[in-house]
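Colleague: Predicted coordinates and the sequence they were generated for:
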2 protein chains.
Amino acid sequence: MEKIKVGLIGFGTVGVGVVKALLEKSAQLERQVGARIVLKAICDKEFRRKRKIKVDRKLLTTDVNKILGNPDIDIVVELMGGVHPAKEFILKAIKSGQHVVTANKALLSESGEEIFDAAKKAGVEIFFEASVGGGIPIIKSLREGLVANEIDTILGIVNGTSNYILSSMAAEGLSFSDALAEAKKKGYAERNPSLDIEGRDSAHKLAILTLLGFGKAVKPEDIYIEGILDISQNDIKYAEEFGYSVKLLAIAKNVDGELEVRVHPTLLSKEHLLSSVDGVYNAIYLHGDMVGGALFYGRGAGQSPAASSVVSDIVDLARDLRFNSVGRVPIYLKNKSIKKIRKIDEIEARYYIRISCIDKPGVLAKVAGILGRHKISISSVGQKERRKARIVPVVLMTHEAKEKNMRQALEEINKLSAIRRKTVAIRVER
Amino acid sequence: MEKIKVGLIGFGTVGVGVVKALLEKSAQLERQVGARIVLKAICDKEFRRKRKIKVDRKLLTTDVNKILGNPDIDIVVELMGGVHPAKEFILKAIKSGQHVVTANKALLSESGEEIFDAAKKAGVEIFFEASVGGGIPIIKSLREGLVANEIDTILGIVNGTSNYILSSMAAEGLSFSDALAEAKKKGYAERNPSLDIEGRDSAHKLAILTLLGFGKAVKPEDIYIEGILDISQNDIKYAEEFGYSVKLLAIAKNVDGELEVRVHPTLLSKEHLLSSVDGVYNAIYLHGDMVGGALFYGRGAGQSPAASSVVSDIVDLARDLRFNSVGRVPIYLKNKSIKKIRKIDEIEARYYIRISCIDKPGVLAKVAGILGRHKISISSVGQKERRKARIVPVVLMTHEAKEKNMRQALEEINKLSAIRRKTVAIRVER
């Protein structure tokens, strides 16, 4: 019986899940591959911390060079995370002719093209299903299951922390900070949640989806990013009344050969299946010329879902090794028909606008006048409860408008004497 | 440049979609495979009917033996549908060493095991992504992306016609027959829709999902089937009030090593993402030991979605041919740990019950007494509007109960003098 030998770098939460599955499911995986997958080494900085798993101590090492370049290891599984030194480790493995499985979204979003090109040149495989959407097989679906399609739209809820916060703000009426505190308490938000709630984690995943879905590498600075920190309970409530949910979306669109890549809170019609994706779940909606609309949903993080993807990558790779079919599926194909990446000013969207003004007649007319001068037309208006408050919210939904025009209009609106707080604007997807 | 040669049998709606994609996307597909996919022959019974596509007339033939066993054709794509003679054609192709792509759910549900075993024996591939869920890559996900998982539950909305009817009954308040008439008018139901609305088409797809997800071949008679013909507007409305949608579900569950396979209308909690799958869309929810809950959603039928899956299968196969990796992924693995297939009497479920009785005090007590004697406990009751009607509906939701007990209880309830119509019972999924 042939053996496929695996070395693991990074023995954290996901690493433990992967080791557990490789050990407990070894017979099942052997039947799937027709060869035995053997764990040869586990590397981490320290092994003092207790892990909930029993492993042969002989496998453990703190020396990464016991794995990298070791001719007795076929597959290097990188689960340490972070850009450095993960990048150097992966490149060293590739140059040594070792195949790679990684879940490293930060690294692939920054250096995906470079790493994939290096793997191609070296004739080795790199698999990365767990880098986006946890256990959801979205990478495989883009590379294989939907290979006949030209994708024009990807909308992803790809950050469980942000989605949990927005969901509990909607379901329980919590403020952003209370919802964040609750998420931390339940272990759904890290102590320092900025990567998640500022939208950067979503942008990492969006870069990977964009490379696969559109064949275009985007640099971190090409992606417009807005987090969820400014989303208020009011906006969630008013959006609800208009028939929308507020979601942090990672959006990539090919609009007439120009690519839009952006992460921001978005009003999503209740009729869109994505609007029903709540809590820590992730989902990726896409639209292709043949398949039409399709959606993939599942747990976006956590030990077992991520390990599910890592192990399926290991099996995929092991099959390629057993059948000598390395390079069978191109990692991605460059798409030369994309002319440029649009700046945020150039996009067009519908907008939800909330104005906080002193309740005096005429202010709505002034606002409508400013919007009109900037070629923005209003589709509906709701003046909200006034009670005894001096400052009254007015909520508008617009038709499709240019972002640049909207920015200019907002600037003018905020200068009106009746406007007492900065106007809130949130983009809308259908 | 290597060539992969394809012969198509069945030039109907999906066949036209496949030919269109192979011709229009040939450059893109060639880059994906590293070899050219060449359409060598198209076989149908007749070519008088106009198709919306221009094809070289030299490709057309009414003689299937120009394709089957022709050493100049590598891949036979069977899109004629129906069990016979599709089965004989596919088996002949397999015996001739030709690889097969098919969308034939009726055939695979009946003879999947036989055909897959024949393919394995002959050392050829058979791909069938389009047989379940149209353009949704659910077959690939089960065979590859989720390969590390032990699946315990599959819940599928896999018949677009039924889902369209139930959705429009819910959204527009239509009766079953009006909703069916509308579906026919819009082309979402065939002139003879019995295969769809009686649940048999869903059962075909369930058999395929069960073979892949649970490694167990089930015979048509092993699957309990109830269609949607008896679903009334009342039940949809009352279900809604209790927080449920009514969906035709294809259900497979591994309960302690015993397999449940059934198709029937089901009350599904509004909190379940499947309950938001409306119209002609399909979705497959599954639960695995590692991935947890996951859902795949998309267009379940139609020319382009089905062709999307067929072409991705052709690409998959072409890659195997180019890399000489036929047999790389086992079609399915037999699971010997499943002890038996449960009869419907043996399952346990929660139930929605609607009783039509003369409104006299005491009838509810009698009903509760009968249920209690059969070990069925009630979780909630709603007595519906009475107006001037003599016959009043009473709606009950039960806790988990044995189907057998429920049947006996219903029989007794229906014999009560106060009960004026057959009691309706619909199973509930969480």
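Modeller: Received the coordinates, thanks.

Colleague: and A:E258, how far is that from chain B?
Modeller: 20 Å (Cβ to the nearest Cβ, to the nearest Å). Any C-beta I mention is one placed from the backbone N, CA and C, and that applies to glycine too.

Colleague: Actually, A:G12.
Modeller: Going from A:G12 to chain B by Cβ to the nearest Cβ gives 17 Å.

Colleague: phi, psi of that residue?
Modeller: Note on A:G12: its backbone torsions stand at phi -100, psi -150 [degrees, to the nearest 10].

Colleague: can you check A:D289 too?
Modeller: Dihedral angles (degrees, to the nearest 10) for A:D289: phi -70, psi -30.

Colleague: What residues does the residue nearest to it when sequence neighbours are not counted make contact with?
Modeller: Spatial nearest neighbour of A:D289, excluding adjacent residues (Cβ to Cβ, 6 or more residues apart in numbering or on different chains): A:E150 at 4.6 Å. Applying Cβ atoms under 8 Å, 6 or more residues apart in numbering or on different chains to A:E150 gives the contacts A:G288, A:D289, B:Q28.

Colleague: List buried residues within these.
Modeller: With burial judged by 16 or more other Cβ atoms under 10 Å in any protein chain shown, the buried subset of the contacts of A:E150 is A:G288, B:Q28.

Colleague: Closest to B:N324 out of the contacts of A:E150?
Modeller: B:Q28 (23.3 Å; Cβ to Cβ).

Colleague: Flag every buried residue along stretch A:34-43.
Modeller: By 16+ other Cβ under 10 Å, the buried positions in stretch A:34-43 come out as A:A35, A:I37, A:L39, A:K40, A:A41, A:I42, A:C43.

Colleague: Please flag which of the residues you listed sit within strands.
Modeller: Mapping the buried residues of stretch A:34-43 onto strands (DSSP state E) picks out A:I37, A:L39, A:K40, A:A41, A:I42, A:C43.

Colleague: Need the distance between the two termini of stretch A:118-127.
Modeller: End-to-end distance for stretch A:118-127, by Cα to Cα, to the nearest Å: 13 Å.

Colleague: coming back round to it: just put the ones in strands among the buried residues of stretch A:34-43 in a markdown table and tack on pLDDT and distance to chain B.
Modeller: As requested, those are arranged in a markdown table below (pLDDT from 0 to 100; distance: Cβ to the nearest Cβ, whole Å):
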| residue | pLDDT | distance to chain B |
| --- | --- | --- |
| A:I37 | 98 | 11 |
| A:L39 | 98 | 14 |
| A:K40 | 98 | 19 |
| A:A41 | 98 | 21 |
| A:I42 | 98 | 18 |
| A:C43 | 98 | 22 |
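
Colleague: Spit out the contact partners of the residue lying closest to A:F128 once chain neighbours are set aside.
Modeller: In space, and not counting its chain neighbours, A:F128 is closest to A:T102: 5.2 Å by Cβ to Cβ, 6+ apart. Going by Cβ under 8 Å, 6+ apart, A:T102 touches A:V77, A:E78, A:L79, A:A86, A:I90, A:L108, A:I126, A:F127, A:F128, A:A130, A:S131.

Colleague: try it again with 7 Å
Modeller: A:E78, A:I90, A:I126, A:F128, A:S131 (Cβ atoms under 7 Å, 6 or more residues apart in numbering or on different chains).

Colleague: Repeat that for A:A103.
Modeller: A:A103 sits next to A:V14, A:L79, A:F128, A:A130, A:S131, A:A306, A:V310 when contact means Cβ under 7 Å, 6+ apart.

Colleague: and of the residues you listed, the nearest to A:E346?
Modeller: Using Cβ to Cβ, A:S131 is the member of the contacts of A:A103 that lies nearest A:E346, at 28.7 Å.

Colleague: Look at that closest one and say how many residues are nearby.
Modeller: 26 (other Cβ atoms under 10 Å in any protein chain shown).

Colleague: Quick one: find the helix or strand in chain A with the lowest mean pLDDT.
Modeller: Least confident element among the helices and strands of chain A, by mean pLDDT, DSSP states H and E: strand A:378-383 (a mean of 88).

Colleague: contacting residues around it?
Modeller: Residues contacting strand A:378-383 (Cβ under 7 Å, 6+ apart): A:Y238, A:E241, A:A368, A:L371, A:V392, A:V394, A:V395, A:L396, A:M397, A:T398, A:H399.
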